[in-house]
Each structure stands twice: as C-alpha cells, then as structure tokens.
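Q: just coords:
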C-alpha cells in the first residue's frame with residue numbers, strides 16, 4: 001500500500017491547487033485498479049516566504065497498485081495539472097513503498113512511517129527545511145521522487161522540485177501528528193477558473209448554522225463573509241472544515257452554487273495548532289509559531305493602519321511588568337487590522353495581566369538592528385489585574401484625602417484622619433479569564449478554533 005505525495009503544484013497568479021491535483025490523481029489510481037483508502041491534506045509551516053496561501057501538501061494512501069505504477073500516475077497528473085509554467089512553482093512527487101493501511105489518526109505511535117520521516121514532517125510545520133535534507137532522507141529510505149517545472153524533470157542534485165520537501169512531510173505526517181480534522185472540498189469546472197464564483201451566500205450561512213459546532217470556520221458571522229469560499233483563481237469552489245466527515249459532506253451538499261465538477265474528503269492537520277511550540281521570550285526563532293507565557297508590560301496602542309501593539313515581558317521579569325529597565329527583554333505582540341474585533345480583546349489588556357500569547361514570531365532587519373514581533377492568533381487571559389491604586393477616602397467624612405508630603409502618606413484636611421498610602425480599589429474589566437481568538441475570516445488554516453475544545457481554560461469562540 002504505497003503512499004504517494006505531491007506538493008507545490010499551484011501558483012499565486014495562475015491558480016491551480018495541490019488538493020485538486022491530488023483529487024485527480026486519486027481518480028487515476030482508482031481507474032488503474034487501485035483503491036485510495038485515505039486522502040491526507042497536510043499543512044506546513046505558514047511562515048515560509050515562498051508559500052502560496054495555505055502551504056499544503058497532499059498524500060494518498062492507496063492499495064491495489066504498486067509503488068512504480070503509483071509513481072508513474074503521479075508524474076502524469078503533475079505534468080497535466082500543475083501550474084509548472086510559473087517560475088515560482090516547483091512541483092515535486094515522493095512515493096514511499098510503505099503499508100499505511102493500519103494508520104489510525106488517533107495513534108501516531110502506531111504508524112509504520114520511519115521515525116526520521118515522521119520527525120521531518122513534524123519539523124516542517126515549525127522550521128524551514130532544505131531540499132538537500134529531504135532528498136537525503138528520501139534516498140536513504142528508498143523512496144521514489146521526482147521534480148517538475150519549467151526546466152523539465154531534473155535529477156536529485158538540482159534545486160528544482162522544491163515541492164519534494166512538502167511531499168516528504170506529507171508522507172511522514174501520520175507519524176508526526178495525533179490530532180486530525182476533516183475538509184470536504186468541492187471543485188468547480190476548470191473552464192470557470194478565474195471567473196467570480198457563483199455561490200449563494202444565504203445557503204452557506206444556513207448550512208453553517210446547521211453544522212455548527214461540529215463543522216466550523218464555514219462563515220464569519222461578524223463580517224458576513226462566507227469564509228469557505230476562496231478568492232484565489234484556483235479550482236476550489238468551497239471547502240467545508242470540521243471534526244466529522246459526514247457532517248462536512250452534509251453542509252457541502254446543502255450549499256446552492258454553480259455546478260460542482262467533483263469533490264473529495266481529506267483528513268488533515270489543519271485546525272489543530274500543530275504549528276505552535278512552547279517558547280520563552282529571548283529564545284524564539286524567526287518564522288516559527290509559539291505559545292508563550294508572559295506578563296503585559298505596556299498599555300495597548302492602536303497605531304497607523306489600525307494595528308494594535310502591546311509589549312509583554314517574561315513572568316520572571318523583575319517587578320513584573322512594571323519595570324522600565326531596558327535590560328529586561330520585551331516582546332512586541334501585534335494584532336493586525338484584518339483580525340477585526342479580536343483587536344478589541346487585545347485593547348482590553350492592562351499592564352500586569354498574566355496571559356499566554358500564541359502566534360508566529362517574525363524578525364525583521366531595520367536600520368538600528370532587528371525588530372521582533374509576535375503576530376497574535378489567540379491568547380489566554382490567565383490572571384487579570386482586578387484592582388488599581390487609588391487615593392484613600394476618609395472613613396469619617398467620605399472625602400478624598402490629600403497627600404501629607406513625600407513618603408508621609410495621606411491626610412484628611414477636614415478630619416485629620418491619616419492613611420499610610422494609596423489603597424487598592426476594584427476596577428471593572430471588559431475581559432474575563434479564558435481564551436480569545438481571531439475571527440474565522442482571519443484564521444490561519446492550521447490554527448485551532450476554540451470551538452473544537454481541549455483548551456486549558458474557559459473559551460470565548462468567534463463565529
């Protein structure tokens with residue numbers, strides 16, 4: 001039961017979609033006497049610069065055909081459908097002669113995938129991996145692979161065929177991840193690509209309401225956007241995501257639209273937060289996703305363009321967040337304008353709040369050094385500041401006391417009552433403890449929606 005994987009077959013400008021190539025390849029494998037038992041849609045590092053929007057590879061687990069036949073059919077499908085005339089598209093195919101029939105999405109430890117290939121897949125979501133490493137690993141396990149593109153098929157020493165990195169990661173995914181979701185993708189007729197999609201938005205919202213919460217991120221009720229309908233010029237008509245395959249199929253079938261040419265159901269690691277690793281301020285790499293425990297160190301600030309910035313420090317920083325010591329490392333967190341109403345949650349933070357922040361760490365070179373930011377995807381309010389220092393009130397007359405002088409506390413001018421210093425008074429917060437997230441229209445494919453559950457605090461899901 002070989003695993004056949006493809007990646008990097010689409011183009012930002014010319015369209016196409018790797019899942020479409022995978023769906024067409026699955027049909028050819030079935031026609032050749034095989035039986036495709038599983039379609040995997042594997043999301044890779046969302047911070048990779050050369051990616052198209054979703055950065056996904058596809059792997060097919062097929063029975064009834066040999067690895068050589070599967071390889072030939074994959075090459076044929078890529079030659080026919082990949083947008084290989086785009087110089088930034090670099091398709092690749094990897095075929096592993098591995099029996100993955102026992103693959104259980106809930107048991108990555110029981111996978112027959114070699115440990116090194118599983119580790120490669122795991123790192124592909126958090127690192128920028130090299131083609132040389134991918135080819136050495138594939139050759140070491142006897143996997144067939146090939147590159148395609150404007151320069152034609154090339155040998156293993158060429159830099160072409162960058163898609164073999166993602167394809168190898170898709171092969172290793174069953175050993176790398178233990179949280180899987182589903183996407184039902186419906187494709188339009190190819191000659192319609194590049195034209196506006198004809199999808200009845202009211203039917204999308206009605207179907208989304210019936211499927212929620214098992215089916216999620218279909219629409220954004222705050223913006224009125226049908227999130228499941230892409231804007232790119234490729235062949236996808238709509239993609240329905242959720243935790244149950246049948247529920248996703250039912251929602252897809254209820255959407256009124258232009259003709260659906262074909263459809264396919266994929267098992268996928270999207271919607272799982274698989275890209276996030278535990279991290280700490282001062283120890284974060286560029287282009288990786290992290291989950292970091294921090295203390296808010298500044299008042300949130302809305303800057304030009306509508307982006308909201310807030311500085312945070314490590315929980316162990318001297319004096320907590322109140323310190324102005326330049327030697328204490330800080331991290332700038334940003335909620336960008338497209339995150340919409342999520343920015344109001346960030347604006348509600350106060351210095352001293354203890355939170356967990358999640359997102360991609362980016363380092364940009366500037367004139368005076370480097371500028372690091374964490375692009376916020378979600379955060380958890382752990383321990384919120386509930387009081388603030390206030391001038392004491394006279395217990396006798398109820399009036400505010402006045403300062404009695406430096407380091408001498410406060411005194412009521414009318415009654416002569418003394419107080420040693422300011423007192424803590426309760427404050428009203430617009431934020432409650434728990435997890436907050438960007439809305440569906442701003443969510444990355446791999447980010448886990450709060451509605452899926454499994455979080456370590458109360459959740460406030462966005463719909």
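A: Done, it's in. For clarity, every value in this text was computed on a predicted model and none was experimentally measured.

Q: Secondary structure element for residue 74, which one?
A: Using DSSP states H and E, residue 74 falls within helix 67-81.

Q: swap that for residue 310, please
A: With DSSP H and E as the test, residue 310 turns up in strand 308-313.

Q: Does residue 314 touch residue 294 like I think?
A: Yes - with contact defined as Cβ atoms under 8 Å, residue 314 counts as touching residue 294 (6.6 Å). Where you see a C-beta, it was placed from the backbone N, CA and C, and this is true even at glycine.

Q: So which residues of the stretch 251-400 of the chain form strands?
A: Along the stretch 251-400 of the chain, counting by DSSP state E, counting those that start in this stretch, strands occupy 262-268, 276-279, 288-296, 301-302, 308-313, 330-335, 354-366, 369-383, 387-390.

Q: And the shortest one, what does it pack against?
A: The contact analysis (3 or more Cβ pairs under 8 Å, 6 or more residues apart in numbering; DSSP states H and E) places strand 301-302 against strand 308-313.

Q: what's the answer for the third one, then?
A: In terms of contacts (3+ Cβ pairs under 8 Å, 6+ apart), strand 288-296 is packed against strand 276-279, strand 308-313, strand 354-366, strand 369-383.

Q: deepest of these, which one?
A: Sort the helices and strands packed on strand 288-296 by mean neighbour count, taking mean count of other Cβ atoms under 10 Å, and strand 308-313 sits at the top with a mean of 22.

Q: Now do that one: which elements does it pack against?
A: Using 3+ Cβ pairs under 8 Å, 6+ apart: strand 308-313 touches strand 288-296, strand 301-302, strand 330-335, helix 342-347.

Q: and residue 22, which of those is closest to it?
A: strand 288-296 (24.9 Å; Cβ to Cβ).

Q: Could you quantify the relative orientation of that closest one and strand 308-313 as an angle?
A: Interaxial angle, strand 288-296 versus strand 308-313 (axes from the mean of the first three to the mean of the last three Cα atoms, to 10 degrees): 80 degrees.

Q: And the pLDDT at residue 103?
A: What the model reports for residue 103 is a pLDDT of 63.

Q: Output the below-cut-off pLDDT ranges for the stretch 101-250 of the chain.
A: Low-confidence segments of the stretch 101-250 of the chain (pLDDT under 70): 101-111, 149-160.

Q: show me where it has strands.
A: Applying DSSP E, counting those that start in this stretch to the stretch 101-250 of the chain gives strands spanning 144-147, 181-187, 215-216, 236-242.

Q: Which neighbours in the sheet does the shortest one have, and how are they oriented?
A: The strands beside strand 215-216 in its sheet (DSSP bridges) come out as strand 236-242 (antiparallel).

Q: what does the partner strand rub up against?
A: With contacts defined as Cβ atoms under 8 Å, 6 or more residues apart in numbering, strand 236-242 is touched by 17, 19-20, 181-188, 197, 199, 204, 211, 214-218, 226, 228-230, 248-249, 251-252, 255, 257-258, 260, 268, 270-271.

Q: how close does residue 258 sit to residue 236?
A: 12 Å (Cβ to Cβ, to the nearest Å).

Q: and these two? which has more neighbours close in?
A: In this view residue 258 and residue 236 are compared by other Cβ atoms under 10 Å, and residue 236 has more residues nearby, 20 against 15.

Q: Give the other helices and strands that the helix holding residue 74 contacts.
A: strand 3-7, helix 18-31, strand 92-96, strand 144-147.

Q: For the closest residue to residue 261 other than its chain neighbours, grab the count of nearby residues.
A: Nearest residue to residue 261, sequence neighbours excluded (Cβ to Cβ, 6 or more residues apart in numbering): residue 189, at 4.7 Å. Using other Cβ under 10 Å, residue 189 is surrounded by 13 other residues.

Q: check contacts around residue 189.
A: Applying Cβ under 8 Å, 6+ apart, we find residue 189 in contact with 258-259, 261.

Q: So which of the residues you listed are in helices?
A: The helices, defined by DSSP state H, take in nothing from these.

Q: For residue 76, state which of those is nearest.
A: Nearest to residue 76 among the contacts of residue 189 is residue 261, at 19.4 Å by Cβ to Cβ.

Q: looking at it, the closest one is touching residue 188, isn't it?
A: Yes - between residue 261 and residue 188 there is a contact under Cβ under 8 Å: 6.0 Å.

Q: Can you pick out the residue with more neighbours from these two?
A: A direct count of neighbours by other Cβ under 10 Å for residue 261 and residue 188 places residue 188 higher, at 23 against 16.

Q: so residue 247 sits right up against residue 211, yeah?
A: Yes - under the criterion of Cβ under 8 Å, residue 247 makes contact with residue 211 at 5.6 Å.

Q: which among the contacts of strand 236-242 end up buried?
A: Taking 16 or more other Cβ atoms under 10 Å as the criterion, what is buried in those is 17, 19-20, 181-188, 197, 199, 204, 211, 214-218, 226, 228-230, 248-249, 251-252, 255, 257, 268, 270-271.

Q: Would you mind putting the contacts of residue 189 into TSV with pLDDT and distance to residue 423 alongside?
A: Formatted as TSV, the contacts of residue 189 follow (pLDDT from 0 to 100; distance: Cβ to Cβ, whole Å):
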residue	pLDDT	distance to residue 423
258	97	66
259	96	70
261	96	70
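
Q: For those, give me CSV that also has distance to residue 440.
A: As requested, those are arranged in CSV below (distance: Cβ to Cβ, whole Å):
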residue, distance to residue 440
258, 23
259, 26
261, 26
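
Q: Nearest to residue 45 among those residues?
A: Closest to residue 45 out of the contacts of residue 189 is residue 261 (30.7 Å), distances taken as Cβ to Cβ.

Q: How much space separates that closest one from residue 396?
A: From residue 261 to residue 396 the distance is 82 Å (Cβ to Cβ).

Q: ditto for residue 423
A: According to Cβ to Cβ, residue 423 stands 16 Å off from residue 396.

Q: So which of the two has more stuff around it?
A: Counted by other Cβ under 10 Å, residue 423 and residue 396 do not tie: residue 423 has more neighbours, with 14 against 11.

Q: Hmm, that one is touching residue 390, no?
A: Yes - Residue 423 lies in contact with residue 390 (Cβ under 8 Å); the separation is 5.9 Å.

Q: if I look at residue 314 and residue 294, which residues touch both of them?
A: residue 281.

Q: Of these two, which one has the most company?
A: Each of residue 314 and residue 294 has its neighbours counted (other Cβ under 10 Å); residue 294 has more, 26 against 20.

Q: Touching, the more buried one and residue 356? I think so.
A: Yes - the criterion here is Cβ under 8 Å, and residue 294 meets it with residue 356 at 7.4 Å.

Q: what about the closest residue to residue 166 other than its chain neighbours, neighbour count?
A: Leaving out its chain neighbours, the residue that sits closest to residue 166 by Cβ to Cβ, 6+ apart is residue 7, at 3.2 Å. Residue 7: 31 surrounding residues under other Cβ under 10 Å.

Q: Thanks a lot, catch you later.
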